[in-house]
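Participant: just the structure for this:
(chains A and B)
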Amino acid sequence: MPAADDARDKSQDFIRDIVAADVRAGLAGGTVVTRFPPEPNGYLHIGHAKAICLDFGIAEEFGGYCNLRFDDTNPVKEDVEYVDSIKDDVRWLGFAWHDREYYASDYYERLYHYAEQLIGKGLAYVDSLSADAIREHRGTLMSPGKDSPHRTRGIEENLGLFRRMRAGEFPDGAHVLRAKIDMRSPNITMRDPVLYRIRHAEHHRTGRAWCIYPMYDFAHPLSDAIEGVTHSLCTLEYVDHRPLYDWVIAHTDTPGRPRQYEFARLNLSYTVMSKRKLLQLVEQKHVSGWDDPRMPTITGLRRRGYTPASIRDFCARVGVAKKENVIDVGLLEHCVREDLNRRAPRAMAVLRPLKLVLANYPEGQSEDMNVVNNAADPSAGTRKVPFSREIYIERDDFLEDPPKKFFRLAPGREVRLRNAYLVTCTEVIKNAAGEIVELRGTYDPATRGGDAPDGRKVKATLHWVSAAHAADAEVRLYDRLFTTEDPDGLAAKSAVDITTLLNPASLEALGGCKVEPMLAAAAPGSRYQFERLGYFAADPDGKAGAPVFNRTVSLKDTWARVAGQT
RNA sequence: UGGGGCGUGGCCAAGCGGUAAGGCGCCGGCCUUUGGAGCCGGUAUUCGAAGGUUCGAAUCCUUCCGCCCCAACCA
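Facilitator: From the prediction side, this is the model:
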């Protein structure tokens, strides 16, 4: 057996095991149909990415289909802005739904028909209790509920009332349609769940055509059935709803027989994932918008510089199981580093410039150094980078009084300027306050390119930018959005608002950064590795000649760790 | 105090009666014109706990403990 088959046979997760078994058993003619069912009431985040990779991934692997279905049954919360962003994000992640773009609202007429069918079977009734009264009748976790006085209404009366609900004869809240199941069920979901409510509201797709709207528990299983979905994958909080899902399917003459399976949602350390909380951050301006590079939204990650491939890889590594989890954000960072290391062209940029003047380099002279764009990718080619007498190096790369393990530049010490020359620091110039303002040094003309003919070695290689040729840039450094690993948990435990746990240092904008000439016109979205610093993506805020870069993620930094240990 | 889900190393996660995969992290070493990348090695005598069944248990049984979800005319 070839290795590929071997890998395919290996169990990947419990859901794929189930699907594989169903396919073997010849279920639904062997064609697997899944669906990704977002409600268009917010932007997609990395948690949705996990679901998207699962839904579309399984369809792809088993040669089936995945429908993009908007679960738009609540007109007051939904908007086209969100359906557009969701489509953008799914597409950007690399998945195609082809012509399978569906809306629960497209099924309103059929859904209504199924509702009448239930009424006709005596399995649904119109209740005229107030929302409060319904809640009271529902009972509690510990005690059973009580039947509504309207539970015994006759079929004809129910039908008449329901039709008048649809006709708009009643105000919001006057009546609801309920399933007649069991008010004493230990599973509260089964205590005569509401199927339809009256909402005189404008729907983003159906306008004013309807004033009654189906509830999730009714619309979802039926939409699945209508579309021929075979495997309806959702998160753990719906486990209790599965009996109702099956009940709806069992009591209507639907075409398909979809099955629901549940997996644990993704949680990421140092951030929050609920749409409500993300919306709060946006509305209260704690971030610049849904696409703020600190947000765990797909659009935020995109602006931050994450690649679709890295997010897909992350989702694959995280796995699918039923255990509550909090994934270390470090894993996500690892995934982008790995991807960008392969594909990002290198560039030189100095974030906190310190001028170094090479006394023995002729004034007014400059030369083009030949530089490899990406050692990890020969096809990336080479480029010219200008070098001259005055250059900028990183302030952090010089220490007047270096500790033992610091082997960058220091007085009297020789280091390599990457792809250029070996240079030695000969003098430190300070201002009246005693701050270092400039360095003087010499270069060794025999070391052009960075190698010494006599074979002498240096411990450090520094990145640099020629002062005369440099472009100015703004660079935005990001840190975790929250100061604590589990903001949700801490906020709940200590009864504080989530915003009190925000990291005040999550954004640091650096002005006056010096970047090599080629970066001056970086196209928004283009990604680079700034050598020795990290991966950066050009932000749309930048303009030609005045670029803005977002740090996607830093490079692994052994020195930072060593320095931090002391 | 009802119903449901879950408990395998710091974080994920395989395993499904035959004697603890893998990834991230971490710790060493090699290599290096990015203290990057790469390469090599190490990192659970033990699977929430206690009993029991068995030649043999993370896997079966019993009891207990812990965490999460459910009482929107939200999804």
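
Participant: count the neighbours of residue A:379 for me.
Facilitator: Residue A:379: 6 surrounding residues under other CB atoms under 10 Å. C-beta here means a position set from N, CA and C on the backbone, and glycine is covered the same way.

Participant: ignore the last one, residue A:511
Facilitator: By other CB under 10 Å, 8 other residues sit near residue A:511.

Participant: any idea which element it lies in?
Facilitator: Applying DSSP states H and E as the criterion places residue A:511 in strand A:507-515.

Participant: partner strands of that strand and their direction?
Facilitator: As defined by DSSP bridges, the strand partners of strand A:507-515 come to strand A:349-350 (antiparallel), strand A:471-478 (antiparallel).

Participant: tell me the SS of residue A:529?
Facilitator: strand (DSSP: H, G, I helix; E, B strand; the rest coil).

Participant: who's in contact with the residue nearest to it when sequence neighbours are not counted?
Facilitator: Nearest residue to residue A:529 in three dimensions, chain neighbours excluded: residue A:344, at 4.5 Å (CB to CB, 6 or more residues apart in numbering). With contact taken as CB atoms under 8 Å, 6 or more residues apart in numbering, residue A:344 is in contact with A:374, A:527, A:528, A:529, A:535.

Participant: again, but for residue A:463
Facilitator: So residue A:463 contacts A:348, A:349, A:350, A:393, A:394, A:417, A:418, A:530, A:531, A:532, A:533 (CB under 8 Å, 6+ apart).

Participant: relative to RNA strand B, how far out is the first one?
Facilitator: When distance is defined by CB to the nearest atom of the strand, to the nearest Å, residue A:348 is 9 Å away from RNA strand B.

Participant: out of everything not next to it in sequence, what's closest to residue A:203?
Facilitator: residue A:75 (3.9 Å).

Participant: next, that neighbour: phi, psi?
Facilitator: phi -60, psi -30 (degrees, to the nearest 10).

Participant: ok, back up a step: closest to RNA strand B among the contacts of residue A:344?
Facilitator: residue A:529 (5.8 Å; CB to the nearest atom of the strand).

Participant: tell me the pLDDT of the closest one.
Facilitator: Looking at residue A:529, its pLDDT is 98.

Participant: and residue A:248, what helix or strand is that in?
Facilitator: Secondary structure from DSSP H and E places residue A:248 in helix A:242-250.

Participant: sheet-wise, list the partners of the helix or strand following that helix with their directions.
Facilitator: Later in the chain than helix A:242-250, the nearest helix or strand by DSSP H and E is strand A:259-263. Paired strands of strand A:259-263, with direction, are strand A:231-235 (parallel) (DSSP bridges).

Participant: ok and the partner strand relative to helix A:242-250, angle-wise?
Facilitator: Between strand A:231-235 and helix A:242-250, the angle comes out at 150 degrees (axes from the mean of the first three to the mean of the last three CA atoms, to 10 degrees).

Participant: show me which positions of strand A:231-235 end up buried.
Facilitator: Neighbour counts using 16 or more other CB atoms under 10 Å place A:231, A:232, A:233, A:234 of strand A:231-235 among the buried residues.

Participant: could the residues you listed go into JSON lines alongside distance to residue A:385?
Facilitator: JSON lines is the format used below for those (distance: CB to CB, whole Å):
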{"residue": "A:231", "distance to residue A:385": "54"}
{"residue": "A:232", "distance to residue A:385": "55"}
{"residue": "A:233", "distance to residue A:385": "50"}
{"residue": "A:234", "distance to residue A:385": "52"}
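
Participant: that older thread, adding distance to residue A:407 and neighbour count, write the contacts of residue A:463 out as a markdown table.
Facilitator: Shown next, in a markdown table, are those (distance: CB to CB, whole Å; neighbours: other CB atoms under 10 Å):
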| residue | distance to residue A:407 | neighbour count |
| --- | --- | --- |
| A:348 | 20 | 28 |
| A:349 | 22 | 29 |
| A:350 | 19 | 28 |
| A:393 | 15 | 26 |
| A:394 | 14 | 21 |
| A:417 | 15 | 23 |
| A:418 | 15 | 19 |
| A:530 | 21 | 25 |
| A:531 | 17 | 18 |
| A:532 | 13 | 20 |
| A:533 | 18 | 22 |
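
Participant: tabulate those (CSV), appending distance to residue A:511.
Facilitator: CSV is the format used below for these (distance: CB to CB, whole Å):
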residue, distance to residue A:511
A:348, 18
A:349, 13
A:350, 13
A:393, 18
A:394, 16
A:417, 24
A:418, 24
A:530, 16
A:531, 21
A:532, 21
A:533, 16
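
Participant: between those, which is closest to residue A:562?
Facilitator: Residue A:562 has its nearest neighbour among these in residue A:532, at 15.2 Å by CB to CB.

Participant: ok, that closest one touching residue A:555?
Facilitator: Yes - counting by CB atoms under 8 Å, residue A:532 does reach residue A:555; the two are 6.6 Å apart.
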